[in-house]
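Participant: for reference, the sequence and a predicted model appear below.
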Amino acid sequence: MRAITIAVALCAACTHAPPPRGGPKPLAIVGATVVFPERDTGTTLGDATVVIAGDRITAVGPRASTPVPDGAAVLDGKGRWLIPGMVDGHVHFFQSGNLYTRPDAADFTALVPYAQEVARNKARLPATFAVWLASGVTSVIDVGGPFWNFAARDAAMASESAPRVETTGPLISMVARPQLDLGDPPIVKVESAEAARALVARELPHHPDFIKVWFIHREGEDLAAQEAIVAATAEAAHAAHVRLAVHATELETAKAAVRAGADYLVHNVFNEPIDDELVQTILAHHVLVCPTLFVTTGYPLALSNQWQATPDEQRLADPQILATMHDLDHIPTDKLPPRLARFVAEKQTVPPPTVAMQNLAKLEAAGVTIVMGTDAGNIGTLHGPSVFREMALMRDAGLTPLQVLRSATTNGAKAMGRDDLGAIAPGKLADLVLLDADPLADVANLSHAVRVVKGGAIYDPKALIDRIR
Ligand SMILES: [Zn+2]
């Protein structure tokens, strides 16, 4: 028999909803410090009990006044912290993070043909899903790839151990990337508003969660004409109630993207300091911003053979990918395109993305909704544990641990367009991470997951990784 939870009106942290009928054995996480990243004050509740029935949270309150239902499984939370499952707001399943995954940027196809790389990435999806969950990331947004992205979303939904996945199809692009075209290209060049609308129309039957524009502007090109293409894309997406995500990494393209109707800027501005005009239009249009700080250093680190796995990556990344990250140790220089050979020979210092970090601080201070995201899958940015590199850079940019955690949970849920994710409260989905260190003391503690819960199911991170070895 399931005990009935009673609302305790006197305690602000105690909120209870009736448990759903049926479902498997309830779960209670007992004694943990619950973190509420959506709050500005009262952000923790020590010695708490969180009750889960089926895939939802049914009660959150002090242990002393929150009963554990009869027959519930109990997870000991003593000396631990409980946060909402994290969201990575920017990933790509068609890319692996290794050297062979973007032949348009770095051509290693003489060593590993691109078709082989993509086939591997498709076949390895279950492992990629597992590394996300093991990293405490219970939801990801794939912001662009081939049409088989939609099948990847279906595969995640059908999988026993995968994050929740939102996705879009091919990037509606200002430039062509023939190197990536195996018949189902991830990037499709459009030269007119009509062509953009036609590509949106091809994607809509697959129910994309976003439409994505790759807004690449090169000197001498007609920015107004490009903005008109973005505006037409926005109009077509919005008419179907689908939001528009835009890659725009320069101040001028970011402004144009927001004017044209972008809902989600999937990168920060990297080329120059942002100005008040951009900040004000972002706020006025309620645009979400995903800074993706690490990805721009991931490329040069990996391509100059200076990339080193962090301890988190050694523990949580796909072992198959880790095993290839230093292939440049064995590739003779004369087998490399000259540009890459120079990269390896010179081993230039790779600085942090200072301008983008300063821009992030400015956006955060102005009250812009910041969404943590890695751009995982790009060279040097591995699926899963790259979130810890990203959040360390956000901290270095000046964000507080609470702001970083909020970007990865509360705001991640906003990017997902979901009000049932991103918080620990009755009625929310039971996507949680149990940590053995305080995430509000140091964002590095966010990698200390001892258990990950998704939809009420409990996962041991180590067991998830052991299974894919
Ligand atoms: Zn991306």
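Facilitator: In hand now; what should we look at?
Participant: in its sheet, what does the strand or helix carrying residue 34 sit against?
Facilitator: With elements delineated by DSSP states H and E, residue 34 resides in strand 27-35, which encompasses its position. Here strand 27-35 is paired, per DSSP bridges, with strand 44-53 (antiparallel), strand 73-76 (parallel), strand 81-84 (parallel).
Participant: deepest of these, which one?
Facilitator: Per-stretch averages of neighbours, counted by mean count of other C-beta atoms under 10 Å, single out strand 81-84 among the strands paired with strand 27-35, with a mean of 27. Any C-beta I mention is one placed from the backbone N, CA and C, and that applies to glycine too.
Participant: who are the packing partners of the helix or strand just after it?
Facilitator: For strand 81-84, the following helix or strand on the C-terminal side (DSSP H and E) is strand 86-91. The elements that strand 86-91 packs onto, with contact taken as 3 or more C-beta pairs under 8 Å, 6 or more residues apart in numbering; DSSP states H and E, are strand 137-142, helix 401-408, helix 410-416.
Participant: ok, and what's touching the shortest one?
Facilitator: With C-beta atoms under 8 Å, 6 or more residues apart in numbering as the contact definition, strand 137-142 has outside contacts at 85-93, 132, 149, 152-153, 163-168, 209-210, 373, 384, 387, 412-413, 415-416, 421, 431-433, 452-454.
Participant: adding mean neighbour count, write the helices and strands packed on strand 86-91 out as TSV.
Facilitator: TSV is the format used below for the helices and strands packed on strand 86-91 (neighbours: other C-beta atoms under 10 Å):
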stretch	mean neighbour count
strand 137-142	29
helix 401-408	25
helix 410-416	25
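Participant: related to what we said a few turns ago, what subset of the contacts of strand 137-142 is buried?
Facilitator: Among those, those classed as buried by 16 or more other C-beta atoms under 10 Å are 85-93, 132, 149, 152-153, 163-168, 209-210, 373, 384, 387, 412-413, 415-416, 421, 431-433, 452-454.
Participant: how close does the most centrally placed residue in the chain sit to residue 426?
Facilitator: Relative to the mean C-alpha position of the chain, the nearest C-alpha, by C-alpha atoms, centre = their mean, is the one of residue 88, at 1.5 Å. If you measure residue 88 against residue 426 using C-beta to C-beta, to the nearest Å, the figure is 26 Å.
Participant: with residue 365 instead?
Facilitator: Here residue 365 is placed at a distance of 33 Å from residue 426 (C-beta to C-beta).
Participant: same check on residue 382?
Facilitator: Using C-beta to C-beta, we find residue 382 at a distance of 35 Å from residue 426.
Participant: next: residue 184.
Facilitator: In this structure, residue 184 lies at 43 Å from residue 426, with C-beta to C-beta as the measure.
Participant: tell me which of those two has more neighbours.
Facilitator: Using other C-beta atoms under 10 Å as the criterion, residue 184 and residue 426 rank with residue 426 on top: 20 against 15.
Participant: longest helix in this protein, by residue count?
Facilitator: Scanning the chain for the helix with the most residues, using DSSP state H, yields helix 223-239.
Participant: for the helix or strand just after that helix, packing partners?
Facilitator: From helix 223-239 onward toward the C-terminus, using DSSP H and E, the following helix or strand is strand 243-247. The helices and strands touching strand 243-247, judged by 3+ C-beta pairs under 8 Å, 6+ apart, are strand 210-214, helix 223-239, strand 264-265.
Participant: let's have these in a markdown table, adding mean pLDDT.
Facilitator: Shown next, in a markdown table, are the helices and strands packed on strand 243-247 (pLDDT from 0 to 100):
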| stretch | mean pLDDT |
| --- | --- |
| strand 210-214 | 98 |
| helix 223-239 | 98 |
| strand 264-265 | 98 |
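Participant: residue 408: which of those is closest?
Facilitator: Of all the helices and strands packed on strand 243-247, strand 264-265 sits nearest to residue 408, with 15.6 Å by C-beta to C-beta.
Participant: show the average pLDDT along whichever helix or strand comes after the closest one.
Facilitator: Stepping forward along the backbone from strand 264-265, the first helix or strand reached (DSSP H and E) is helix 276-284. The predicted model gives helix 276-284 an average pLDDT of 98.
Participant: residues in contact with the helix or strand following helix 276-284: which ones?
Facilitator: Scanning the chain past helix 276-284 towards its C-terminal end, the next helix or strand to appear is strand 288-289 (assignment: DSSP H and E). Surrounding strand 288-289, the residues in contact under the criterion C-beta under 8 Å, 6+ apart are 89, 263-265, 268, 282, 363, 368-371, 411, 414-415.
Participant: and stretch 332-351, by the same measure?
Facilitator: Around stretch 332-351, the neighbours that count as contacts under C-beta under 8 Å, 6+ apart are 106-108, 110-111, 297, 300-301, 303-306, 328.
Participant: may I see these arranged in JSON lines, with pLDDT as well?
Facilitator: Written out in JSON lines, the entries for the contacts of stretch 332-351 read as follows (pLDDT from 0 to 100):
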{"residue": "106", "pLDDT": "96"}
{"residue": "107", "pLDDT": "95"}
{"residue": "108", "pLDDT": "96"}
{"residue": "110", "pLDDT": "92"}
{"residue": "111", "pLDDT": "94"}
{"residue": "297", "pLDDT": "97"}
{"residue": "300", "pLDDT": "97"}
{"residue": "301", "pLDDT": "98"}
{"residue": "303", "pLDDT": "97"}
{"residue": "304", "pLDDT": "97"}
{"residue": "305", "pLDDT": "97"}
{"residue": "306", "pLDDT": "98"}
{"residue": "328", "pLDDT": "97"}
